[in-house]
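K.L.:
This is a predicted model, with the sequence first.
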Amino acid sequence: MLLGDGNLRYLIDHSPVGTRDLGTLELLQRHGVPSYFSACLTLTLERPQDAVRGDYVCANDVDPEILRAIRSRTRRPVRRATNIDRLTFGFGRRMRKAEKLLRLYAGAACVVTSRLHCALPCIAMGTPVLLIMGKKDDYRFSGLRGFVRHCSREEFLGRGFEFDLDEPGPNGTAHLACREAGRRVPGLHHQARGGGASRFGAAIRRAAGRGGALRMLRGGRCGPWTASFIACPLMSSPRSTS
């Protein structure tokens with residue numbers, strides 16, 4: 001989708017283009033698209049102003065063995081969540097579902113997840129988060145590893161990585177430069193400040209129209225855009241597992 005159907009020419013004509021990860025950066029540069037690493041726009045999400053930090057640990061898309069380990073290592077209640085949704089259709093309904101997920105993450109004492117697009121919003125909203133990475137997803141995390149505490153499944157189960165579920169401590173600050181750059185994208189994020197997924201998604205929708213991601217570029221409203229839209233979970237199809 002990204003390079004087919006006339007999109008390559010369009011990306012070149014409207015460059016430079018920001019990319020979510022270094023793998024996408026390499027892909028675009030290999031095809032002659034002037035580009036740079038911008039990271040994902042989900043890093044610009046705001047924490048809901050009325051969000052209250054709760055006492056629970058959120059376990060997002062972790063397998064049963066990981067879930068058992070989490071429950072054995074904390075005195076806090078554990079709440080399960082998933083980014084996978086094959087039943088909710090329609091942009092508005094999916095955005096409301098995303099809003100509920102973000103509020104769940106924002107209210108957690110900490111989050112343990114296997115999903116990049118749970119981890120990045122948690123970082124943006126200041127919720128302590130641990131990302132459990134799979135080998136098959138390595139390319140998707142390139143350039144983003146330094147933004148989030150992470151370990152392999154084996155390291156987590158073998159206690160080879162310390163993450164105190166009761167006192168996790170704050171996330172790092174390595175993402176802040178990309179966050180601030182993303183917040184300066186004209187025609188998008190100034191419309192979404194102070195809100196969560198609904199306002200963020202509404203701003204994207206206004207920029208994109210109904211025809212898909214590249215219309216955000218073709219609308220001419222966003223200037224040098226970011227290729228991170230290819231994986232933004234708030235815009236995913238019902239079959240997405242981002």
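P.N.:
Arrived safely.
K.L.:
Tell me which stretches of the chain form strands.
P.N.:
17-19, 35-37, 57-60, 78-81, 110-113, 129-133, 149-152 (DSSP state E).
K.L.:
Single out the most deeply packed of these.
P.N.:
strand 110-113 (a mean of 27; mean count of other CB atoms under 10 Å). Heads up, the C-betas are built off the backbone N, CA and C, glycines and all.
K.L.:
Look up the pLDDT of the residue most central in space within the chain for me, please.
P.N.:
Note on the chain: the residue nearest the mean C-alpha position is His117, at 3.1 Å, using CA atoms, centre = their mean. His117 is assigned a predicted lDDT (pLDDT) of 87.
K.L.:
Surely it is in contact with Thr82?
P.N.:
No - with contacts defined as CB atoms under 8 Å, His117 does not count as touching Thr82, sitting 11.9 Å away.
K.L.:
Now the closest residue to Pro16 other than its chain neighbours. Its backbone dihedrals?
P.N.:
Leaving out its chain neighbours, the residue that sits closest to Pro16 by CB to CB, 6 or more residues apart in numbering is Pro34, at 4.5 Å. Main-chain dihedrals, Pro34, degrees, to the nearest 10: phi -60, psi 120.
K.L.:
residues making contact with stretch 50-65?
P.N.:
Stretch 50-65 has contacts (CB atoms under 8 Å, 6 or more residues apart in numbering) with 66-67, 70, 74, 76-84, 103-115, 118, 125, 132, 153, 157, 165.
K.L.:
So among those residues, which ones count as buried?
P.N.:
Among the contacts of stretch 50-65, those scoring as buried are 66, 70, 74, 76, 78, 81, 83, 103-115, 118, 125, 132, 153, 165 (criterion: 16 or more other CB atoms under 10 Å).
K.L.:
So which elements touch the longest helix belonging to the chain?
P.N.:
Looking across the chain with DSSP state H, the single longest helix is helix 91-107. Here helix 91-107 touches strand 57-60, strand 78-81, helix 116-125, helix 197-208, going by 3 or more CB pairs under 8 Å, 6 or more residues apart in numbering; DSSP states H and E.
K.L.:
Excluding chain neighbours, what is closest to Gly32?
P.N.:
Of all residues not flanking Gly32 in the chain, Ile12 sits nearest, at 6.4 Å (CB to CB, 6+ apart).
K.L.:
Give me the number of neighbouring residues for the one you found.
P.N.:
15 (other CB atoms under 10 Å).
K.L.:
Was I right to think it contacts Ser35?
P.N.:
No - using CB under 8 Å as the test, Ile12 is too far from Ser35 to be in contact (9.8 Å).
K.L.:
quick one, which of the strands of the chain is nearest to Gly143?
P.N.:
With CB to CB as the measure, strand 35-37 is the member of those nearest Gly143 (5.3 Å).
K.L.:
Mind giving me the packing neighbours of that closest one?
P.N.:
Counting contacts by 3+ CB pairs under 8 Å, 6+ apart, strand 35-37 is packed against strand 17-19, helix 22-30.
K.L.:
ok, residues contacting the longest one?
P.N.:
Contacts to helix 22-30, defined as CB under 8 Å, 6+ apart, come from residues 2-3, 11, 17, 19, 35-37, 139-140, 142-143, 227, 230.
K.L.:
where in this protein is pLDDT low?
P.N.:
Counting by pLDDT under 70, the chain contains low-confidence residues at 1, 135-138, 185-242.
K.L.:
same thing but 50
P.N.:
Low-confidence segments of the chain (pLDDT under 50): 189-194, 197, 204-242.
K.L.:
hang on, the earlier thing: list the contacts for the residue nearest to Gly32?
P.N.:
Going by CB under 8 Å, 6+ apart, Ile12 touches 32-34.
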